[in-house]
Structure formats: structure tokens, C-alpha cells
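>>> no FASTA, just this:
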């Protein structure tokens, strides 16, 4: 039997980062992956490839709608070459996953290809593609990092052709003329933008009262306004009751506040959330506790069975790549016996990469009021930003929320061009317990989009200069 200090099941952004940190801390480490490439959902069929497609769609939209105003003339018709777009996306994926291979070799981490299952005695049983089973010991611990997948609705059967989930949405051979998206979370609105920007007629159906329902209500309203301008029809407080795929396309019955509607579309994309990959990995046999489809862990990602840990989308935290990465590092340091710091889940940034982008961290205005805070709220519209005007990106705003008594930075909510690159300022500020006064006295470079953070803070305190 091969023996390691740590064995990790799953090579996504939680698993591969945990493996590297374990190796850095001097532990002999193995990583087990059931697919043919490393990187998990994020690198192969999630974060990275979807951003490549979003970038391509945005370039196309710019060329069609905005190049002329910039004085850029393109002779002839501008067309989408979906085959080339998909090929570019795949080249990005190949480069990124190849980088993970390099990192495994650099850090002397053994990669074992096969399906991993936890067994007694801090061991992992791996079944390879030929059905051969092997056992690997992990003397200090086993980390479960099996990730998640698209949730299937009970009345919406995914067939991979007419009714698809996000993986298939990134590799369609033909651009659909019409698309209905179930769910307006990050996955739903991102793919809605990808195809709407290319000219597909897109309809979004959302069960909850607002788009991107986890976001501040002002952000949700702004996105709805921008998607209406894009030509996307959005139905909130609505549910898909039935999808009939017996004909050429799909007949979708949708229950709306104004009665039932039927939509005839080429493709239905189910983007109704994520479920953990917990099947057949030995949890029941090992009596590892689960709750609501997630593995129960403590602040150090220890399960109820000593020597077995879990991180990432298979645990109750936010299903975000950067959360899995942070958890992987903390878990590795705990196993190594190092003194480490528990993750603050109240300071996790969320990013959605549609156009306009969305980024947020901390409390929404509603949550802050419900928590009993007396708050100061400021908003700076990009319409007032010189850099945004120069970039042709005047839609959206930055909204900040402070505790009126002490100036504590309770939250920030942004929608607009490149805001996913701006939110880290607020994350670091909150980590350092920065107050509103310190933001007001921090010089922001001009002209930049990031000036809007200071501008919104000024607005919260009645000191706005550019409004």
C-alpha cells in the first residue's frame, strides 16, 4: 500500500490548493481525481471557461454597438463564429489545467487518476478507469474536496440537448435562436448575457422576487434595467412548471404572477443552483455526518470522524472557488499542526461576471437595518465618473454602508464595468477594521473607476464633491 501524510479527493480550487499547501508544509501528499484533467469544475467547465466566453461575447457586443462611436470602422457584417469562440475557450482551459499539472510536479505531489472513496483507517480506495481498486493510506488525514454540480429540478429533466446545464452551455455546436434560462443567480445571468450579447433571444425565469436575489436590492433593480435594454425578458416570482421536448424545440409552461405563460424556445438552460457531489464516496459507511446535502464540518473543516476533513462546495459554506481555496489552505495548516486563523464568512466577496459586472461584500442595506444598525448609506453613480465616461461605461454605481455610530464598514455593493476588480479594496478594508473616516482620508488615483468607493463614502456623509 502506498502511504502518504495527506490524501485529497478532488483537484478543484479547494483540492489542488490544499495539496500545494500541504506539500509546502513538508507533508507527503497525493491528490485523487476522477476526470482526465485536473482543476475541477472551476478550471474545466466553470469559472475559467465561462469567463472566456463572457469576454468573447462582450467583444462582439462592443464591435456591434460601440466601435463606431469610438471611430473604429469595420467593413462588412460582423458575425459570431461560435466554433472559434468555443475553441478559444478550450485553449484557455487547456493552458490553465496544464498549469495545475506543472504545479503538482513542482511541489512533488503524486496525482492518482481514479474515483476516490474514503475507507476506515485514514485510507482512500481508488478505482481506476479499468475498474482496478487500490488503497492509499493518509497518516495525518484525508481531505474530501469533491465539489458540486448543477442542481436538477424535479420537473425539468436535463437531456443534454434541448434541456441543458452550464457544462453544455459552454460547448454548444450551434447558437440557439432562443434560450430560456431557469434561475437568475450568477450562472443564470452570466450565460443569459453570453447568448443575448450574441443575438439570441433570451428569457429568464426566477422563482424569487428579484434577479440575483442574494444581492442588494438596488443592484438587482439596476441589473434588471440593463438586461431589459439588452433585450432580455425577465420574469420574477415565477416558476417553470413543465418542459415539453417532444417537438422540434421546447415548450415551457411558466407560472407567473399574471397567470401561466407558454414559451417556445430552442434550448432551456437550467441554472437553479448547485448540489454537492457526495454519492459513492464512502460517507455512509464511515458514518461521516451530512446535513441538507452537505458534509458537516467545524471551523477547521474536521468532520465528526477524526482524521477526515472536507472543504469547498461539498460543505455548507458559499459555493465559490475562492472560498474553497481559502478553506483548503486553512485545512492544510490545521493538519500540519500550525496555528492558523478561522475563515471569516462575513467578509467573503461575491462576483458575477455578466455585463455590467456585479461585486459585493458584507451586509446589504436591508440586512444591516434588520440587524439593528443605525446606518449611513452612500451611492456614487458611474455616470459621474470621468474614467467611466471615457470608457463608455457609465451604467451602474457603487453603494457603501457604514455603521453611523462607529463608522464600521458594514458592506459594499457594486454594479458596473470592471467592479469585480474593485471589490478587494473593501474586503481588505473590512479585514483591517477600516472606518469611513479612513476611507475619506485615503487618496484614490484619478481618473479611475475605484474613485467611486471614496465618492460613495463622501455621499454617505454629505461630503460628496462630484455629485
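Everything's here; your move. Only a predicted model underlies this, so the values are computations on that prediction, with no experimental measurement involved.
>>> what's the domain layout of this structure?
Per automatic domain parsing, the domain ranges recorded for the chain read 2-150+275-345, 163-272, 356-460.
>>> take the ones you listed and write them to a markdown table, including mean neighbour count, mean pLDDT and distance to residue 466.
Using the backbone N, CA and C atoms, a C-beta is placed for each residue, glycine as well. Shown next, in a markdown table, are the domains of the chain (neighbours: other CB atoms under 10 Å; pLDDT from 0 to 100; distance: least, CB to CB, whole Å):
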| stretch | mean neighbour count | mean pLDDT | distance to residue 466 |
| --- | --- | --- | --- |
| domain 2-150+275-345 | 19 | 96 | 24 |
| domain 163-272 | 19 | 97 | 19 |
| domain 356-460 | 19 | 97 | 5 |
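>>> let me have the ones you listed in TSV, adding distance to residue 156 as columns.
Below are those laid out as TSV (distance: least, CB to CB, whole Å):
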stretch	distance to residue 156
domain 2-150+275-345	11
domain 163-272	5
domain 356-460	25
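>>> tell me which of the ones you listed sits nearest to residue 467.
domain 356-460 (5.7 Å; CB to CB).
>>> show the end-to-end separation of that closest one, please.
23 Å (CA to CA, to the nearest Å).
>>> ranges for the helices of this protein?
In the chain, helices defined by DSSP state H lie at 15-24, 40-45, 47-65, 82-106, 166-169, 186-197, 217-230, 283-286, 321-335, 365-370, 386-391, 423-431, 436-440, 451-460, listed in chain order.
>>> point out the other helices and strands that the lengthiest strand in the chain packs with.
When the chain is parsed with DSSP state E, its longest strand is strand 133-144. Packing partners of strand 133-144 (3 or more CB pairs under 8 Å, 6 or more residues apart in numbering; DSSP states H and E): strand 2-9, strand 29-33, strand 115-119, strand 123-127, strand 308-310, helix 321-335.
>>> okay if I get those as JSON lines plus distance to residue 297?
JSON lines is the format used below for those (distance: least, CB to CB, whole Å):
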{"stretch": "strand 2-9", "distance to residue 297": "15"}
{"stretch": "strand 29-33", "distance to residue 297": "19"}
{"stretch": "strand 115-119", "distance to residue 297": "14"}
{"stretch": "strand 123-127", "distance to residue 297": "18"}
{"stretch": "strand 308-310", "distance to residue 297": "5"}
{"stretch": "helix 321-335", "distance to residue 297": "9"}
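>>> between those, which one is nearest to residue 77?
That would be helix 321-335 among these, by CB to CB, at 37.8 Å.
>>> tell me the pLDDT at residue 152?
For residue 152, the model assigns a pLDDT of 89.
>>> now do the contacts for the spatially most central residue of the chain.
Centroid check for the chain by CA atoms, centre = their mean gives residue 320 as the closest residue, at 5.0 Å. Neighbour list for residue 320: 348, 350 [criterion: CB atoms under 8 Å, 6 or more residues apart in numbering].
>>> and residue 112, by the same measure?
30-33, 126, 134, 136.
>>> returning to what we had before: any idea how far the residue nearest to the centre of the chain is from residue 50?
As judged by CB to CB, to the nearest Å, residue 320 and residue 50 stand 14 Å apart.
>>> same check, this time on residue 281
Distance, residue 281 to residue 50, using CB to CB: 26 Å.
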